[in-house]
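>>> Okay, predicted coordinates and the sequence, questions at the end:
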Amino acid sequence: MPAHVPEPADPSSADPDSAEPLGRERAHLADSRAALRAMREDVQALDIRDVTANWVNAAVLGAQIEERIKALADFSHTPLFFGRLDYLRTVGAEQAEGAAGERFYIGRRHVHDADGDPMVIDWRAPVSQPFYRASKKDPLDVGLRRRFGYTGGDLTAYEDEHLSDPATETFSGSAGGHRTSKLLQAEIERPRVGPMRDIVATIQPEQDEIVRSGLGGTVCVQGGPGTGKTAVGLHRVAYLLYAHRERLARTGTLVIGPNRSFLHYIEQVLPALGELEVKQSTVDDLVAHVEVRGTDRADAAVIKGDARMAQVLRRAVRAHVTMPAEPLMVVRGSRRWRVPAYELEEIVRELLDRDIRYGAAREALPQRLAHAVLVRMEQAGEAPDDRVQDAVARNPAVKAAVKAVWPPVDPAKLVLRLLSDAEFLAEHAEGLLNDDEQKTVLWAKPARSVRAAAWSSADAVLIDEANDLVQRTHSLGHVVLDEAQDLSPMQYRAVGRRCTTGSATVLGDLAQGTTPWATASWADALGHLGKADAVVEELTAGFRVPREVIAYASRLLPHISPGLAEVRSVRESPGSLEVRKVADVAGLDPAVVRACAGSLRQEGSIGLIAADARIPALAEALAAAGHAYLSPGDETTAESRLTLVPASLAKGLEYDYVVLDEPAAVVDGEPDERTGLRRLYVALTRAVSGLTVLHAAPLPAQLGS
């Protein structure tokens, strides 16, 4: 952050109590850190032995205290507050009730002094909202907005906006503002080493509107590279946990990412905001009912991921129900009670018509049969109670009837049979899949058992669907789904099952869909997710990728996603893009190594992105030149800043400087040209400060000259 201290337009109005505002702000920072330490020490000093009735309560309370202690940790390199709001003396009651003439410091968490008075206000609190939303046109009763600049953990600068003074300019971090805030711009452009950081100090109004949207509705965010959609989704989780903590503590929250490298990259964002309870997962982890050891051809994976497979599975599950052909005879003591077959069939059909889960219906069937027996007992003059009905439901004859009519279904065995038995598949896919499609999904060599099968990721999703048909999947309060454009319809259904009673935040970019089954539209995706009424928001202002770089990559948009809005970057960075032609293939590897060495002379992280097939050769060239490198997911440090990234794993990651090897090889590494160009679009947009493209082969024609 810059060490320059901008002079306020009116020092006395900016801070009437001090002739040296920066010194006073530093003192407040020191006092706030001391107060946070005291809050943590108070929790650490709690003695739970006298307030718990038993060891179970003690264990629960102890775990809660440990989590609270972790949440109150103070990271010296992280600013405790990043802004300040000075409200006007006269305030509209509806806009900021109780804030008239008040001053609030805005930070990542709430801090109070020994008397309980706030020293730092959580950025999610209603009183903090004007820090992100207030403008000269609509000041929201804010007289002064101050931003702070830091070097490490030291407060080194401040910058003021007098929102109520028509004679002064206002700052803006977006493309439509009056004058760019230097502190805001420096924070956005700050070099990144290590995992993804929060953007709590730089949230823009259009992002804040999404972040603070309510828990009850699902929001889909379409955002191009550098628009901050991932950060917006994570900050929305943090906001929802603040606003609805008790409810979400009961129901749970989950962040779903495309792969574990991506999850490792983002995993520190929520803890930095004090949120430790949010779980993370990939879709493959969600549906891990079997061990995945195989892969599908692209055409087979597309069909297995098609929503029609849900209906095939539904038919196959319900086909296990057999209408009773024999009456039920229950013996109790010296009496025999007979329920005719036609009445048993009526009971079975009623359960089928109710369309409840297969397993739930199977559990209900013994009681239904027992009730039919009790009706006959009552007609004979007996007075059976609930205990008699339970006993009849456990009668061997009833158990045998249930097993014959409604046998148990093992989801994995069911899918195994569908993929192995051509006749069984044809029976249940009739009218849904044609003959060629059925042949495509059938295994060439059927597996002998569930454990012996070489299950693919798409197979595991089918098993998850079948499992939900048998027994309901647990639903969470809120799910964040990132890089959603790459999911198949069946994968959307798998995620949707995890939030049937909750809401979701769906994040993605249609232009970055790089799977053969990538979604064509958000309307289709949200329909499969079960959230057809979701609000779709589009972020088009880019804050991270330089304007020259995003403009170059956007040449591909008409070919990969016609009609999609181009990202408008707010960052001008002359010289941030360099495209170099290498004379021949033999000189490409040395040229790439030299480019990496040049990038390492800059501050920040460096990513060398290449087609997957080129990774071994580049790894060897880097090692021969003495350059150590990391793999995606490994955390960068000041000593180790170069990451070798296969193009297939680049999505969602970003680096200060990117060296892109041989764009044509990236395109050729995919099964079709459109997917290859989308993969290239992803690779071109991972750079935050500079992009160097090296090629020996001709560039793809879609990039132009």
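Done, it's in.
>>> Mind giving me the packing neighbours of the top helix by length along the chain?
As assigned by DSSP state H, the longest helix anywhere in the chain is helix 21-44. Packed against helix 21-44, as judged by 3 or more C-beta pairs under 8 Å, 6 or more residues apart in numbering; DSSP states H and E, are the following elements: helix 55-71, strand 81-87, strand 103-107, strand 111-112, strand 118-122, strand 154-162. Every residue, glycine included, has its C-beta placed from N, CA and C.
>>> These into TSV, with extra columns for mean neighbour count?
TSV is the format used below for those (neighbours: other C-beta atoms under 10 Å):
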stretch	mean neighbour count
helix 55-71	13
strand 81-87	24
strand 103-107	22
strand 111-112	20
strand 118-122	21
strand 154-162	21
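>>> Out of those, which gets the lowest mean score?
Among these, helix 55-71 has the lowest mean pLDDT, at a mean of 77.
>>> Buried residues in stretch 573-584, which are they?
By neighbour count with 16 or more other C-beta atoms under 10 Å, stretch 573-584 contains the buried residues 573, 576-577, 582.
>>> To residue 598, which of the helices and strands packed on helix 21-44 lies closest?
strand 154-162 (29.8 Å; C-beta to C-beta).
>>> mind exporting that closest one as PDB, just the C-alpha atoms?
The C-alpha coordinates for strand 154-162 follow below in PDB (Å, rounded to 0.1, in the frame of the first residue of the first chain):
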ATOM      1  CA  ASP A 154       1.000  -0.800   9.900                       C
ATOM      2  CA  LEU A 155      -1.400   2.000   9.100                       C
ATOM      3  CA  THR A 156       0.500   4.300   6.700                       C
ATOM      4  CA  ALA A 157      -2.000   6.400   4.800                       C
ATOM      5  CA  TYR A 158      -5.600   7.600   4.700                       C
ATOM      6  CA  GLU A 159      -7.800   9.100   2.000                       C
ATOM      7  CA  ASP A 160     -11.000  11.100   2.600                       C
ATOM      8  CA  GLU A 161     -14.300  11.600   0.700                       C
ATOM      9  CA  HIS A 162     -16.600  14.400   1.800                       C
END
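>>> Is it possible to get a markdown table of the helices and strands packed on helix 21-44 that adds distance to residue 683?
Below are those laid out as a markdown table (distance: least, C-beta to C-beta, whole Å):
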| stretch | distance to residue 683 |
| --- | --- |
| helix 55-71 | 37 |
| strand 81-87 | 33 |
| strand 103-107 | 36 |
| strand 111-112 | 42 |
| strand 118-122 | 38 |
| strand 154-162 | 36 |
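>>> Out of those, which is closest to residue 20?
Across the helices and strands packed on helix 21-44, residue 20 has its closest neighbour in strand 154-162 (11.6 Å, C-beta to C-beta).
>>> now the closest one against helix 21-44, angle please.
120 degrees (axes from the mean of the first three to the mean of the last three C-alpha atoms, to 10 degrees).
>>> Which elements pack onto strand 154-162?
Using 3+ C-beta pairs under 8 Å, 6+ apart, strand 154-162 sits against helix 21-44, strand 142-151, helix 182-189.
>>> one step back: in strands, which of the buried residues of stretch 573-584 fall?
In this view, the buried residues of stretch 573-584 that belong to strands under DSSP state E are residue 577.
>>> could I get the buried residues of stretch 573-584 as TSV with distance to residue 612 and pLDDT?
Output for the buried residues of stretch 573-584, formatted as TSV (distance: C-beta to C-beta, whole Å; pLDDT from 0 to 100):
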residue	distance to residue 612	pLDDT
573	29	80
576	26	93
577	24	96
582	20	96
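>>> can you list the buried residues of stretch 573-584 in CSV and add distance to residue 305?
Below are these laid out as CSV (distance: C-beta to C-beta, whole Å):
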residue, distance to residue 305
573, 40
576, 38
577, 37
582, 39
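>>> closest to residue 435 among the buried residues of stretch 573-584?
residue 582 (49.9 Å).
>>> how far away is that closest one from residue 590?
Here residue 582 is placed at a distance of 9 Å from residue 590 (C-beta to C-beta, to the nearest Å).
>>> which stretch of helix or strand covers residue 444?
Counting by DSSP states H and E, there is no helix or strand that carries residue 444.
>>> contacting residues around it?
For residue 444, no contacting residues are found, by C-beta atoms under 8 Å, 6 or more residues apart in numbering.
>>> And it, how far from residue 419?
The spacing between residue 444 and residue 419, counted by C-beta to C-beta, is 10 Å.
>>> now the chain, which segments are flagged as low pLDDT?
Counting by pLDDT under 70, the chain shows low-confidence ranges at 1-19, 49-53, 90-100, 166-180, 188-189, 191-195, 705.
>>> my read: residue 40 touches residue 73, true?
Yes - the criterion here is C-beta atoms under 8 Å, and residue 40 meets it with residue 73 at 7.2 Å.
>>> ranges for the strands of the stretch 551-700 of the chain?
Counting by DSSP state E, counting those that start in this stretch, the stretch 551-700 of the chain has strands at residues 568-569, 577-581, 606-610, 642-646, 655-661, 687-695.
>>> Next: the stretch 301-450 of the chain.
328-332, 335-339.
>>> orientation of the first one relative to strand 335-339 in degrees?
Same thing as strand 328-332. 160 degrees.
>>> Not counting strand 328-332 itself, show me its contacts.
So strand 328-332 is contacted by 336-339, 344, 369, 372-373, 392, 395, 397-398, 401 (C-beta under 8 Å, 6+ apart).
>>> circling back to that earlier point, among the helices and strands packed on strand 154-162, which comes closest to residue 535?
For residue 535, the closest of those is helix 182-189, at 26.2 Å, according to C-beta to C-beta.
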